[in-house]
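Enquirer: My questions are about this predicted structure, shown below with the sequence.
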Amino acid sequence: MRPVILYPGEDSYWVAECASLPGCISQGKTKEEAIWGYVAALEEDGLFVPEEP
């Protein structure tokens, strides 16, 4: 499991930062959406998703 920092953002969104995913700063309406938004974006762009530590 990746360590994730979550904090409330603007307009009732959550912001997620994950040090084990370089450049990962994502947001979503739920905590889960914020966490997985970055990984989904990498997959959609055909980019490498780093393995969990």
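Expert: Yep, it's here. Numbers count the residues shown, from 1 in each chain.
Enquirer: Which residue comes closest to the residue most central in space within the chain once chain neighbours are left out?
Expert: With the centre of the chain defined as its mean C-alpha position, the nearest residue by Cα atoms, centre = their mean is Ile35, 3.6 Å away. Residue nearest to Ile35 in three dimensions, not counting chain neighbours: Ala16, with 4.9 Å by Cβ to Cβ, 6 or more residues apart in numbering. C-beta here means a position set from N, CA and C on the backbone, and glycine is covered the same way.
Enquirer: Tell me which other helices or strands the helix or strand where that neighbour lies touches.
Expert: Using DSSP states H and E, the element containing Ala16 is strand 14-18. When contacts are defined as 3 or more Cβ pairs under 8 Å, 6 or more residues apart in numbering; DSSP states H and E, strand 14-18 sits against strand 5-8, strand 24-28, helix 31-44.
Enquirer: Redo these as TSV? Include distance to Pro50 and mean pLDDT.
Expert: Output for the helices and strands packed on strand 14-18, formatted as TSV (distance: least, Cβ to Cβ, whole Å; pLDDT from 0 to 100):
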stretch	distance to Pro50	mean pLDDT
strand 5-8	17	90
strand 24-28	10	85
helix 31-44	9	83
